[in-house]
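> sharing a sequence plus its predicted fold:
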Amino acid sequence: MFREMRRKKQQLPQEECVEILKHNTSGVLAVCGDHGYPYAVPISYVYADGALYLHCAKAGHKLDAIRTCDKVSFCIIEQDHVVPEEYTTYFRSVILFGRAKILEQEQEIRSAIEQLAVKYHPTDSKTNRDAAIERSFNALCMVKIEIEHLTGKEAKELAKTKVKE
């Protein structure tokens, strides 16, 4: 169903893709937007339990698109080091395809926002975190992306260094 990567020597192992998802803080969510135009938006996220979770307001372009078509993609650029003398970049990125689901159960929403809050402020106290969540909870929407396909790729120059190691 999903295409295989053409440049297999540059493909990252699944474990590395998952580590990139775990450790990075933002990516670009792409949905099928208004009038069939793609709509891509940078967004914060958390990876947990094999899925991606993101938060947003309860209304807007993103949610309208997800309600119309739950198929999405999400891209993270972990590294993009410009190498001017080679007219290129040494990049490392991950892209996933999946199905987005707007969470409706309060316990699911609370669990997802808690994980997101811990990711972005791991040293905060539970008391402060709970208070912040409570203040915005009624205006909050959480989306879960169930991953169907995950691939990563790196510049051929980076892939070559791994072979030598």
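Received the coordinates, thanks.

> remind me, longest helix of this protein?
helix 106-120 (DSSP state H).

> elements contacting that helix?
Helix 106-120 sits against strand 46-48, strand 51-57, helix 126-136, strand 140-154, with contacts defined as 3 or more C-beta pairs under 8 Å, 6 or more residues apart in numbering; DSSP states H and E. To be clear about C-beta, it is placed using only N, CA and C from the backbone, and glycine gets the same treatment.

> now the second one: buried residues?
It refers to strand 51-57. 51-56 (16 or more other C-beta atoms under 10 Å).

> one step back: any chance of the helices and strands packed on helix 106-120 in TSV, with mean pLDDT and distance to residue 78 too?
Shown next, in TSV, are the helices and strands packed on helix 106-120 (pLDDT from 0 to 100; distance: least, C-beta to C-beta, whole Å):
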stretch	mean pLDDT	distance to residue 78
strand 46-48	95	13
strand 51-57	94	15
helix 126-136	92	27
strand 140-154	95	8
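
> where does the protein dip in pLDDT?
162-165 (pLDDT under 70).

> at 90 instead, please
Scanning the chain for pLDDT under 90 picks out 1-11, 57-58, 79-80, 86, 88-89, 91, 136-139, 154-165.

> residue 80: which of the helices and strands packed on helix 106-120 is closest?
For residue 80, the closest of the helices and strands packed on helix 106-120 is strand 140-154, at 10.9 Å, according to C-beta to C-beta.

> rewinding a little: tell me the angle of the longest helix of the chain relative to strand 140-154?
50 degrees (axes from the mean of the first three to the mean of the last three C-alpha atoms, to 10 degrees).

> got the buried residues for helix 106-120?
109-117, 119.

> next, count neighbours for the nearest residue to residue 44 once chain neighbours are set aside.
Distances taken as C-beta to C-beta, 6 or more residues apart in numbering place residue 26 nearest to residue 44, at 5.4 Å, with adjacent residues excluded. Residues near residue 26, counting by other C-beta atoms under 10 Å, number 12.

> quick check: the gap between residue 26 and residue 19.
16 Å (C-beta to C-beta, to the nearest Å).

> got the CA positions of stretch 3-17 in CSV?
Extracted C-alpha coordinates of stretch 3-17, given in CSV (Å, rounded to 0.1, in the frame of the first residue of the first chain):
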residue,chain,number,x,y,z
ARG,A,3,5.7,3.0,-1.5
GLU,A,4,9.1,1.5,-0.7
MET,A,5,11.9,3.9,-0.4
ARG,A,6,14.0,4.2,-3.7
ARG,A,7,17.3,4.9,-2.0
LYS,A,8,17.4,2.0,0.5
LYS,A,9,21.0,2.7,1.5
GLN,A,10,19.8,6.0,3.0
GLN,A,11,16.8,4.5,4.9
LEU,A,12,17.0,4.6,8.6
PRO,A,13,16.2,1.5,10.7
GLN,A,14,12.8,1.6,12.4
GLU,A,15,14.4,1.9,15.8
GLU,A,16,16.1,5.1,14.8
CYS,A,17,12.9,6.5,13.4
